[in-house]
Each structure stands twice: as structure tokens, then as C-alpha cells.
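Undergrad: Curious how this folds, go ahead:
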Amino acid sequence: MKITIGIDLGGSTTKIVGFQDHKLKIPTFVKADNPIASLFGALGKFIYDNDLQLNEIEKIMLTGVGSAYVEQPLYGIPTFKVDEFISNGLGGQYFTGLKDLIVVSMGTGTSLVQVNGDKIIHTGGIGIGGGTIVGLSSLLLKTQDISQIMELASKGNLCNIDLQIHDISKNALPGLPLTATASNFGKVRNLVSEEDIAIGIIHMVLQVIGKSAILSSLNSNINDFVMTGNLVKFPQCKEIFQSLESMFDVHFIIPEQAEYSTAIGAALTEERHMQMKQVL
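TA: Take a look at the predicted model:
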């Protein structure tokens, strides 16, 4: 059986997956200076890593902001553009098997997609995400290197940065433990280390994303959140989202290979019989 490929094409990064007989092929991630270079670099690497021939690929399902730059079929293979938010929802369902959930796509910013069975709706988003971490780190730490930011954060002490409930109250507040954040960066009065700043930036961004997801569910019966996108690679995700689970009685799910969720969803759109726009 031939292969259906799903591609999530960002501004400079491309994520590719493929399905053959409902089995996921080795996914591929490539970063380049522009969307087209990233796209063809990733597609070539995907074909090579999976030992494929072009005639084995039946169709390519393309999504993401970078897809606007693609105006013709890739290598002559039927190429279709599909809705990014639909892809987010289908990717979240693929990983969890849940009918009702909210998919939180943590990229440069953050988008929120609510899924109720076959109904998938983009409910909004926030301008806080990986771009915030990189931008603030560039300003405060003089680096945009994610690996370096992670390394600094691993040695930081959040208590030197964030004002917590125990700093302003002897007793826990209703629904809030003494370790809950009262104010991000609210404890900074003097010079602090780069390590402390790094953990403060990451904690603030991930905490804001988690709480925004919870707030987006208030008018629904959903309490399952699937976290996807590149920010799942930050080791602080698990601890931060677990603390929010305890406070708000919700469930955060961070799947393996969550960074490929949108590409997976794109590949699955054909099965959902969504309206597709073929590239001219």
C-alpha cells in the first residue's frame, strides 16, 4: 500500500510523518533559513531515512503557516493543503484516543483547539510560547540557543525569581498551596543569576500556557489537555503541568513525539473526508 505523508511547514522548520497500512514511518524534523529550503530538506531526509522511492508516495497533505509559500505539487506528487487547526485536533485524538479534549499547540505562540467528537473548533490562542522564551532570553541572557537556555535553567532556583504564596501568607489559600505562584518574577529586587532568570522565563511561559488552557475549558465539560509542539521538549513541562493538575483537578497529557502532532493530524485528514484544496 502506498504512503500518505503529512507535513507541518512552519516559517523555518518542517516536520514530516508518513503512514503506510496505518503504521507510522520514522518522522523527520529539519530547520532551515526559509520555509522552502526547510521543506525540501526535510522531505529528502524523510525519504532517505525511511528508504523510500518517490513512486511509493501516494499523496502529500500539507499544513502550517509555511504552506502558503507552496504553489505547486511536490515532486509531481498530488499535494493538498489542509486546515492547521483541524490537523491539531486530529493529532491530539490520534495520540490519546479521546473524543473530547483540548489540544494545546505550543509553538512560537500558542493555539487552543477544542475537540468534541467529530467537531473541531479553534477557540483562540495567546501570543506566549517558544518565541517568548527565545525573545526574553535574547534580551536578558544574550542567547537564543535553546540548548543553552535549557542548560542554564537546569541550574536555576525559581525561589529567587517568583513570589510564591508562602512569601506573602502563612497559610495556604483556598485551592492554592503555599508553593503556588503569586507573581512571576515578583521576587526580583536585586541582581540574580542567569540560571535563575532562565528557569524564571521558562516557568512563566509554561505556567501561562497551562492556565490559559484551563481557562479555555471553563464553559465545557472537558478536563483533558493534550500538549503538543516543540515546547514539550523542555524538561520543566512535566513538573509544571503536574502542579496545575493538582490545583485544578485536570489532566495534562504529553505524548511521545508530541512535536509531530500537527503533521500526523494532516496525514489523517483524508480519512476524515475533510474538504481539501489541491495545490495548482
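Undergrad: ok, now which ones touch the closest residue in space to Pro255 that isn't next to it in sequence?
TA: Of all residues not flanking Pro255 in the chain, Phe95 sits nearest, at 3.9 Å (Cβ to Cβ, 6 or more residues apart in numbering). Every C-beta, even on glycine, is put in place using the N, C-alpha and C of the backbone. By Cβ atoms under 8 Å, 6 or more residues apart in numbering, the residues touching Phe95 are Val226, Ile253, Pro255, Ala258, Ser261, Ile264.
Undergrad: would you list the residues you listed in CSV and tack on pLDDT?
TA: Shown next, in CSV, are those (pLDDT from 0 to 100):
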residue, pLDDT
Val226, 98
Ile253, 97
Pro255, 95
Ala258, 94
Ser261, 96
Ile264, 96
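Undergrad: So which of the residues you listed sit within helices?
TA: Residues of the contacts of Phe95 located in helices (DSSP state H): Ser261, Ile264.
Undergrad: Could you export the contacts of Phe95 as JSON lines, including neighbour count?
TA: Shown next, in JSON lines, are the contacts of Phe95 (neighbours: other Cβ atoms under 10 Å):
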{"residue": "Val226", "neighbour count": "28"}
{"residue": "Ile253", "neighbour count": "18"}
{"residue": "Pro255", "neighbour count": "18"}
{"residue": "Ala258", "neighbour count": "24"}
{"residue": "Ser261", "neighbour count": "29"}
{"residue": "Ile264", "neighbour count": "27"}
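Undergrad: Surely the residue nearest to Pro255 is in a helix?
TA: Yes - assessed with DSSP: H, G, I helix; E, B strand; the rest coil, Phe95 lies in a helix.
Undergrad: What does the pLDDT read for it?
TA: On pLDDT, Phe95 comes in at 95.
Undergrad: same check, this time on Met274
TA: 47.
Undergrad: In the protein, where is pLDDT below threshold?
TA: 271-280 (pLDDT under 70).
Undergrad: What is the helix or strand where Ile16 lies packed up against?
TA: If you go by DSSP states H and E, Ile16 is part of strand 13-20. Where contact means 3 or more Cβ pairs under 8 Å, 6 or more residues apart in numbering; DSSP states H and E, strand 13-20 is packed against strand 3-9, strand 28-31, helix 35-49, helix 261-268.
Undergrad: most tightly surrounded among the ones you listed?
TA: Of all the helices and strands packed on strand 13-20, helix 261-268 has the most neighbours on average by mean count of other Cβ atoms under 10 Å, namely a mean of 30.
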